[in-house]
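1. below: sequence and its predicted model.
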Amino acid sequence: MRVAKMHALGNSYIYVEEHEIAAIRHRLPELARTVSDVRKGIGSDGLIVIGSSTVADVRMQIFNADGSEAENCGNGLRCVAKYAYEQGLVSKQEFHVETKGGVFHAKIWPDERGTVPKVTVNMGPMRLGPQQVPYSGPAVVDNEVAVQVGEDNLSGTLVSVGNPHFVAFVEDAVTSNVAAIGPIIERHPWFPERINVEFVTPRSRQELDFRVWERGSGITFACGTGACASVAAGVSKGLLDNQVRVHLLGGDLDVAVKDGQIFMTGEAVHVFSGVYAWDDEGKREQGSRQ
Ligand SMILES: N[C@H](CCC[C@H](N)C(=O)O)C(=O)O
């Protein structure tokens, strides 16, 4: 199958058009796990399928590296927008992308003399609180829930960007123990569909340090929906202004809140396009086992 690898701030996915995988639709979680493996596959944070839509110009389906399907992916939306425009799947520089978590408006900014084009996506309204994410814990005040982690409690704001997020404002996001704490919260019983976990620290009212443990993929270099969830949480807590530069491990993302809608602007980068022989690989392996 023909695939492309793209990344946004180092958050990479393998992109495949729907017609390339029509015969193996029922095996997409398995394909996501295989292509994401940096040793036995291509290496990425997951798989994204680009298809046609009856309600938008193009459709995005996103699978994490563990094969779980997510409702949305901010970095993926920017890369799908770039891919759809450059491959002629759409003819305009502004169009809509359908995801499991809603339909989102994307705008591609013209190339500035060979620089990597920026893409802006309207990620929808700020959706905070336990009623917005799959949550089965105790009653929550001010959209915040405190989860026990070892001897301590870690408070986080619950936010949906189509997918669920637990945003923790911590002393220093850059040195927070994401690998130890992230999985505990991701898989906490109060989150029946698991949850993405952000660790954030305002440098000022317009700048935010950000690290993330993603549901289904673990530590990634960037999480677009997570950056939007973090700014929404910070604005609601009175800690951030409406225009914030988010400093992620892989680079910066500009997030703005206007009339209650969250706008994310950042890069989308093509790494390579090629052919991935997945099923042949399966047959060869079976052959060698006989
Ligand atoms: N791990 C996420 C999906 C990918 C989100 C992230 N890569 C982004 O850019 O928003 C979830 O299970 O909801």
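-> All right, it came through fine.
2. now do the SS call for the closest residue to residue 8 other than its chain neighbours.
-> Using C-beta to C-beta, 6 or more residues apart in numbering and skipping residues adjacent in sequence, the residue nearest residue 8 is residue 75, 3.6 Å away. No exception for glycine: its C-beta is placed from N, CA and C like everyone else's. Put simply, residue 75 is helix when judged by DSSP: H, G, I helix; E, B strand; the rest coil.
3. now swap in the one 4 residues further on and tell me
-> At residue 79 the chain is in helix, as set by three-state DSSP.
4. please apply the same query to the one 3 residues further on.
-> On the three-state scheme (three-state DSSP), residue 82 is labelled helix.
5. residues contacting it?
-> The contact partners of residue 82, taken as C-beta atoms under 8 Å, 6 or more residues apart in numbering, are 6, 108, 117, 119, 268, 270.
6. ok, of these, which come out buried?
-> Buried members of the contacts of residue 82, scored by 16 or more other C-beta atoms under 10 Å, are 6, 108, 117, 119, 268.
7. among the residues you listed, which are in helices?
-> The helices, defined by DSSP state H, take in nothing from those.
8. just the ones in strands from those residues, please.
-> Counting by DSSP state E, those place 6, 108, 119 in strands.
9. hey, what's the first one bridged with?
-> Beta bridges link residue 6 to residue 13, residue 270 when assigned by DSSP bridges.
10. pLDDT at it, what is it?
-> We note a pLDDT of 98 for residue 6 in this prediction.
11. surely it touches residue 79?
-> Yes: the criterion here is C-beta atoms under 8 Å, and residue 6 meets it with residue 79 at 4.1 Å.
12. overlap in contacts, those two.
-> Joint contacts of residue 6 and residue 79 (C-beta under 8 Å, 6+ apart) are 13, 15, 268-269.
13. ok, and the most crowded of those residues?
-> Compared across the shared contacts of residue 6 and residue 79, residue 13 has the highest neighbour count, 30 neighbours, by other C-beta atoms under 10 Å.
14. contact partners for it?
-> Residue 13 touches 5-7, 44-48, 62, 73, 75-76, 79, counting by C-beta under 8 Å, 6+ apart.
15. now those residues in TSV, with distance to residue 86?
-> Converted to TSV, these look like this (distance: C-beta to C-beta, whole Å):
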residue	distance to residue 86
5	14
6	10
7	15
44	19
45	21
46	21
47	20
48	15
62	19
73	19
75	17
76	15
79	11
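16. fine by me, thanks again.
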